[in-house]
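Peer 1: coordinates only, sequence not included:
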């Protein structure tokens, strides 16, 4: 009887526990009239509001201020505009690979913001849901994305294909940038910082960090290995320069991977370390003198250093640079068959693309938005507000961002900034790379399964300690230690067998207790 | 309706099944299958035929071994003198040793990083040393406490008896106190050695770019290779099992005598 009761109680408890886990989900789903939008994006990649009083961006066309989190503002805006309730469940991921692993484990999101290569991978694996035709309707006043996206990004999205469909069918850009070196100009000369050979430059031995990530490091190694070819006049002036560059910087042949491995193994000891996220702080505290960085983080690093009256510069290697972007894509597993969700997801992209929100996000996270919206003009105005030289300043230069902003030939002249000279290798150059830098930018394709396995193995070979490098004395020492332990164990066993009946401490203690 | 004490075990049993036993099965499944989901030993043979993964195992072992020895050398005298001294404020001193554990671990390592930078100027030249220092700093309390607990419970009568029987103080220590404190040492060793093999965060934060077992598993997962990663986790599990059996067999007699495992 008792046992049955026990069993029943156990079942009951289990049932209660499971009910406790499941019920909240059910009740949430049952809440009618509200669309739940599950968004997953990078950590610290959206304005979370709560700005200080002194942080108002006072443009001439009006102040911009982040009072509430962007996500809440979206929920309010959506209700005001479409008279439907939406609730955003915002979560974050740390790396593209984490996101992909989350998805393969069965996590469901409606809208995610991975990097270009992950978008390509997701597209190739047919995990994305295409953007609707309504999203591209330029006559809809709420379609801030298509009305505002920069011609440079637009062209990139329209000319690159995966499985026969262009990127723009599935992805809307969010932030973009290039890779380069943040460096301390007091120690590193701009010439040295302007080449991928910086990482094997022995005059800065153990003073440079690169990313602990196989793709960025692979690209850097390619740049250094192919430096002579990439910087030769013949190559630069060849008629199909852009496509040849693209091909060279996506060289993942087994021979090349082997070469990169040798190269990285040889420079490993010349580096300070492969860093996961300490690079920014280490630049500011002066532990390292140069750091391979994404331009958005570079801007953040330089801003932070400025606050400490410490000057850092940014350089883009002259061989080539990796142009990357993060974009919003709708996941099939989340939105398929749910028009409300699809609408809300696209509205979310559009809301983030509204010029004032673009500025808020850019100010908050330091990256560069893909939106230029030259018609509205506020983003360019923000650039002038941010970087423009004061009237009394003397060493000023003109810096054109027309390649990013101008819609046609005739408006080229409108997008020239007058900036202090040092901005040419500082925040502005990082946030809005010049046309000349973008000419040598190449997109790094996603690695297919074989290449991914090969590069991962290469990375393990670089990072792991090879057993063949164990010195002889270590083997001898290890052998001695093992022998010692073995002796201790065996000795114990033997002595226990032959234990004499002399009173040991146990019996002593037992005796004590009895008394 | 009678309340049975066994009922109290149910929440933990449920916890155990969901979070320990079930994941272990998943681990086994992934470790012995390949990308196509077929049964395969390729992950196992792959691990033992690659000089790099084997090297990582050796490196982790070496690091953990050195950390354990350093911890032991630092912790034993501390614990011994603390436990045998007649100080009134013993509790306070013990608290000072345990206090670092109250502070967030990454904060502690960040502080250590700054201190080491002040001393060494450039951390990149001594990655192994720095990792040993970082882990020692992190794990030292786990070594001190069990040893202290064992020694403090030893009755002073044993020492007096040994002296009455003619042992000098060195003999008393070597033949009475030290053997009786073995359970504490073993408990401390297993609490330091095993985490030291996998705690790659310390290495990351102190700029040691060489992989240890923990980071190797991570690198497989970030390349979507669940199978290889699971196999390494399994091998690590086997190593830990072997290590625990070893310490148990060394300490068998002493543990039976009611040693204080922490």
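Peer 2: Structure's in. What do you need? Treat the numbers as computed from the prediction; the structure is a model and nothing was measured.
Peer 1: contacts, neighbours, all on C-alpha from now
Peer 2: OK.
Peer 1: Chain neighbours aside, what residue packs nearest to the residue in the stretch 1-150 of chain A that chain B sits nearest to?
Peer 2: In the stretch 1-150 of chain A, the residue that lies nearest chain B is residue A:97 (5.4 Å; C-alpha to the nearest C-alpha). Closest residue in space to residue A:97, ignoring its immediate chain neighbours: residue B:222 at 5.4 Å, by C-alpha to C-alpha, 6 or more residues apart in numbering or on different chains.
Peer 1: Just confirm the residue of the stretch 1-150 of chain A closest to chain B contacts residue B:220, I think it does.
Peer 2: No: contact between residue A:97 and residue B:220 fails when scored by C-alpha atoms under 8 Å: they sit 10.8 Å apart.
Peer 1: more neighbours, those two?
Peer 2: Comparing residue A:97 with residue B:220 by neighbour count (other C-alpha atoms under 10 Å in any protein chain shown), the higher total belongs to residue B:220, at 20 against 16.
Peer 1: Now do the helices in chain B.
Peer 2: Counting by DSSP state H, residue ranges of the helices within chain B are B:10-16, B:22-31, B:42-49, B:51-84, B:90-98, B:105-120, B:127-153, B:156-164, B:169-172, B:178-180, B:182-198, B:200-205, B:213-222, B:226-256.
Peer 1: Tell me what angle the last one forms with helix B:51-84.
Peer 2: Relative orientation of helix B:226-256 with respect to helix B:51-84: 30 degrees, computed using axes from the mean of the first three to the mean of the last three C-alpha atoms, to 10 degrees.
Peer 1: Which elements pack onto helix B:226-256?
Peer 2: helix A:472-497, helix B:22-31, helix B:42-49, helix B:182-198, helix B:213-222 (3 or more C-alpha pairs under 8 Å, 6 or more residues apart in numbering or on different chains; DSSP states H and E).
Peer 1: any chance of the ones you listed in TSV, plus distance to residue A:353 and mean pLDDT?
Peer 2: As requested, the helices and strands packed on helix B:226-256 are exported to TSV (distance: least, C-alpha to C-alpha, whole Å; pLDDT from 0 to 100):
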stretch	distance to residue A:353	mean pLDDT
helix A:472-497	60	84
helix B:22-31	43	92
helix B:42-49	47	89
helix B:182-198	44	90
helix B:213-222	31	89
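Peer 1: Highest mean neighbour count out of those helices?
Peer 2: Comparing the helices and strands packed on helix B:226-256 by mean neighbour count (mean count of other C-alpha atoms under 10 Å in any protein chain shown), helix B:182-198 comes out on top with a mean of 23.
Peer 1: what about that one and chain A, touching?
Peer 2: No: where contact is defined by C-alpha under 8 Å from any C-alpha of the partner chain, no part of helix B:182-198 touches chain A; the two come within 12.7 Å at best.
Peer 1: which strands and helices sit next to the helix or strand containing residue A:305?
Peer 2: Using DSSP states H and E, the element containing residue A:305 is helix A:295-307. Secondary-structure packing of helix A:295-307 (3+ C-alpha pairs under 8 Å, 6+ apart): strand A:171-183, helix A:279-285, helix A:427-431.
Peer 1: Excluding its own residues, what touches the last one? List them.
Peer 2: The set of residues that contact helix A:427-431 without belonging to it, under C-alpha atoms under 8 Å, 6 or more residues apart in numbering or on different chains, is A:177-178, A:295-296, A:298-299, A:302-303, A:313-315, A:366-368, A:387, A:423.
Peer 1: filter the residues you listed to the buried ones?
Peer 2: Under a neighbour-count criterion of 16 or more other C-alpha atoms under 10 Å in any protein chain shown, the subset of the contacts of helix A:427-431 counted as buried comprises A:177-178, A:295-296, A:298-299, A:302-303, A:313-315, A:366-368, A:387, A:423.
Peer 1: Which of the helices and strands packed on helix B:226-256 sits closest to residue A:155?
Peer 2: With distances scored as C-alpha to C-alpha, the stretch of these nearest to residue A:155 is helix B:213-222 (31.4 Å).
Peer 1: Now do the closest residue to chain A within the stretch 51-200 of chain B: how many residues are near it, please.
Peer 2: Ranked by C-alpha to the nearest C-alpha, the top residue of the stretch 51-200 of chain B for proximity to chain A is residue B:55, at 3.9 Å. Look at residue B:55: counted by other C-alpha under 10 Å, it has 21 neighbours.
Peer 1: now it, nearest residue through space, not along the chain?
Peer 2: residue A:467 (3.9 Å).
Peer 1: is it true that the one you found touches residue B:51?
Peer 2: Yes: applying C-alpha under 8 Å, one finds residue A:467 in contact with residue B:51, separated by 5.2 Å.
Peer 1: check contacts around the residue nearest to residue A:137 when sequence neighbours are not counted.
Peer 2: With sequence-adjacent residues excluded and distances taken as C-alpha to C-alpha, 6+ apart, residue A:137 is closest to residue A:143, at 7.0 Å. Neighbouring residues of residue A:143 by C-alpha under 8 Å, 6+ apart: A:135, A:136, A:137, A:347, A:350.
Peer 1: tell me the phi and psi of residue A:143?
Peer 2: Per-residue torsions, residue A:143: phi -80, psi 70 (degrees, to the nearest 10).
Peer 1: again, but for residue A:324
Peer 2: Backbone geometry at residue A:324, expressed as degrees, to the nearest 10, gives phi -130, psi 160.
Peer 1: okay, now it: neighbour count?
Peer 2: Based on other C-alpha under 10 Å, the number of other residues close to residue A:324 is 20.
Peer 1: mind showing which ranges of the chain have poor pLDDT?
Peer 2: Just so you know, I chose chain A. Across chain A, residues meeting the criterion (pLDDT under 70) sit at A:1-32, A:498-515.
Peer 1: Oops, wrong one, chain B.
Peer 2: For chain B, the ranges with pLDDT under 70 are B:1-2, B:252-262.
Peer 1: what does it put close to chain A?
Peer 2: B:7, B:10, B:14, B:51-56, B:58-59, B:122-125, B:204-205, B:207-212, B:216, B:219-220, B:222-224, B:249-250, B:257.
Peer 1: How is chain A partitioned into domains?
Peer 2: Chain A breaks down into these structural domains: A:1-30, A:32-174+A:328-365, A:471-514 (assignment by automatic domain parsing).
Peer 1: can you give me the angle the helix or strand hosting residue A:361 makes with strand A:171-183?
Peer 2: Applying DSSP H and E as the criterion places residue A:361 in helix A:355-365. Here helix A:355-365 runs at an angle of 30 degrees relative to strand A:171-183 (the same axes, to 10 degrees).
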